[in-house]
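Asker: With the sequence up front, the predicted model follows.
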Amino acid sequence: MTYKGYNVILTTPGADTGLNDYKFESDKKYVIVFGNEANGISDEIVNDKSYDRISIEGYSDCESLNVSLSAGIVMYKAASDMK
C-alpha cells in the first residue's frame with residue numbers, strides 16, 4: 001500500500017514474503033516499520049492487509065532479532081537493491 005506517496009512495509013516474523021524475495025525499487029519511497037523486541041508491531045497494524053509484510057529469513061528457531069540488527073539487515077538489502 002502507498003501512503004502519501006510512500007510504500008509502507010511492516011517487518012514481522014512469519015510474513016508471507018521473505019526479505020530475500022522482496023525487491024526495493026530506486027524510484028519509490030519507503031517507510032519500513034519495526035516493532036520492539038518484546039511485542040513487535042501491534043496486531044491491529046499487522047493484520048491490516050493493505051500493507052506489505054516481510055520477514056527476515058533465518059537459519060535457527062530464533063523468534064526475534066534485536067531491532068537495531070533487524071533494521072541494519074533490511075536497510076542493507078534496500079540499499080543493495082537500489083544500486
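Answerer: Yep, it's here.

Asker: Please list the outside residues in contact with the lengthiest helix in the chain.
Answerer: Ranked by number of residues, the top helix in the chain under DSSP state H is helix 67-81. For helix 67-81, contacts defined as Cβ atoms under 8 Å, 6 or more residues apart in numbering pick out 11, 19-20, 22-26, 30, 32, 34-37, 54, 56, 65. Where C-beta positions appear, they are placed from N, C-alpha and C, glycine not excepted.

Asker: which SS class is the closest residue to residue 82 other than its chain neighbours?
Answerer: Nearest residue to residue 82, sequence neighbours excluded (Cβ to Cβ, 6 or more residues apart in numbering): residue 26, at 4.1 Å. Under the three-state scheme (DSSP: H, G, I helix; E, B strand; the rest coil), residue 26 adopts coil.

Asker: what about the strands in the chain?
Answerer: Counting by DSSP state E, the segments of the chain that form strands are 2-3, 6-11, 17-18, 29-33, 52-55.

Asker: As JSON lines, those with mean pLDDT, mean neighbour count and distance to residue 82 would be great.
Answerer: Output for the strands of the chain, formatted as JSON lines (pLDDT from 0 to 100; neighbours: other Cβ atoms under 10 Å; distance: least, Cβ to Cβ, whole Å):
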{"stretch": "strand 2-3", "mean pLDDT": "80", "mean neighbour count": "11", "distance to residue 82": "17"}
{"stretch": "strand 6-11", "mean pLDDT": "95", "mean neighbour count": "19", "distance to residue 82": "13"}
{"stretch": "strand 17-18", "mean pLDDT": "94", "mean neighbour count": "12", "distance to residue 82": "18"}
{"stretch": "strand 29-33", "mean pLDDT": "96", "mean neighbour count": "14", "distance to residue 82": "10"}
{"stretch": "strand 52-55", "mean pLDDT": "94", "mean neighbour count": "19", "distance to residue 82": "16"}
